[in-house]
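# Next come a sequence and a model predicted from it.
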Amino acid sequence: MIMNRNFYKGIIFFLLSYLQYFLPPDLIGGKVLAFFWFLFMFGIVLISDGITEKIYKKSLLSEIRRSKKNLIAFFLISIVGGIILEGVAQWLGKLWIYPYFNTYSYPIFFIFGFGLYWLMIAESYLASKAILDYIRRGKNIVRNYYFFEPPFYKFLGIVGAILVPLSAFLMLRDYTSNGGYIFDISNSVNYKVNFIYVITIFLGTWFILESIEYFRKKTSLIKDIFHHYFNPLASILIASFILAIIMETENILHGFWRYTNWPFENIQFLNLPIMMFLAWPLHYIAFLSLFRAFSEKESDEIWKGDLIK
């Protein structure tokens, strides 16, 4: 199968990102590692975009670049997604640190890095879904609904609206009883945060976004499952697992980021906390739901069935 140019460009950027392995130690620093991390993300974006374009005859990257409005919307949604991910898992959860950053360099990386990071997440998911749609045809657009859906999604939104602030309050209360909260993105803390609160905040956020998607008359992950279209769920599990492993090959030598405070840290896979792999699909779900809830046509392939006739 002959792929398009983006696919092959992506392979080049992806391979170039591993040149960091051959640099002398005195050249290794935050800016250098950030540069290679951006090469890696851009490579994954182009590879995934090439796969999606080949199968769907359209791609997320081309849709985003179609207008300034789409580009700005995706950038703003990415910032919100970054605040959710970092706010819950790093700022509050302390589940990873960035040893090469400080309070001044971190915001720059955050603003520009998460735009590309979430594009990588969305593109890797869409590439996986495109392949599954090609192998096993999914539904086309879901138009009908079950009688229980309106009250169900209303209830889901209420549950989410309770879970998020309650979990954040309990987490901050625990900090107060353990010496107080300290904002530090480069050093680990002695206090181990209750991991359950991290999970419930992500779940609550997802529930709220599911409700918003439904009442904005859009499909959602749960709605697709209700209507027996399981490719999105399978794609999240596949893409998150594969990308998590590939990402760590980029990180393993120099530790651009390091994991801390995960539960069951003695149970590992590839020298990484097993809980990291189990929890990783949640941030796929959260961002994809956020993107679909607050964007228009550029995200219409996120959940709905394939376009292959």
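Everything's here; your move. Numbers count the residues shown, from 1 in each chain.
# low-scoring stretches of the stretch 1-150 of the chain, by residue?
Within the stretch 1-150 of the chain, the stretches falling below the threshold (pLDDT under 70) are 1, 137-144.
# switch to 90 and redo it
1-6, 25, 29-31, 55-59, 61-63, 65-71, 87, 91-93, 101-115, 133-149 (pLDDT under 90).
# can you pull out the strands in it?
Per DSSP state E, counting those that start in this stretch, the stretch 1-150 of the chain has strands spanning 96-97. These are given in chain order.
# Would you map the helices across it?
Ranges of helices in the stretch 1-150 of the chain, per DSSP state H, counting those that start in this stretch, are 5-16, 30-56, 60-64, 68-85, 105-135, 149-176.
# can you tell which of those is closest to residue 200?
When the helices of the stretch 1-150 of the chain are compared by C-beta to C-beta, helix 149-176 sits nearest residue 200, at 4.3 Å. The C-beta positions use only the backbone N, C-alpha and C, and glycine is treated the same way.
# So which elements touch that closest one?
helix 195-215, helix 221-226 (3 or more C-beta pairs under 8 Å, 6 or more residues apart in numbering; DSSP states H and E).
# could I get these as TSV with mean pLDDT?
As requested, those are exported to TSV (pLDDT from 0 to 100):
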stretch	mean pLDDT
helix 195-215	95
helix 221-226	90
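# closest to residue 297 out of these?
Residue 297 lies closest, by C-beta to C-beta, to one member of the helices and strands packed on helix 149-176: helix 195-215, at 14.7 Å.
# Go through the closest one and flag the buried ones.
By neighbour count with 16 or more other C-beta atoms under 10 Å, helix 195-215 contains the buried residues 195, 197-214.
# do the same with stretch 94-105
94, 95, 96, 97, 98, 100, 101, 105.
# Can you pull out the residues in contact with it?
Residues from elsewhere that reach stretch 94-105 (C-beta atoms under 8 Å, 6 or more residues apart in numbering): 29-30, 33-34, 89-90, 106, 109, 183-189, 191, 193, 198, 255-262, 276.
# and the helices and strands packed on helix 149-176 as JSON lines, adding distance to residue 2?
Shown next, in JSON lines, are those (distance: least, C-beta to C-beta, whole Å):
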{"stretch": "helix 195-215", "distance to residue 2": "36"}
{"stretch": "helix 221-226", "distance to residue 2": "31"}
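# could you flag which of the contacts of stretch 94-105 are buried?
In the contacts of stretch 94-105, burial by neighbour count holds for 30, 33-34, 89-90, 106, 109, 185, 189, 193, 198, 256-257, 259-262, 276, counting by 16+ other C-beta under 10 Å.
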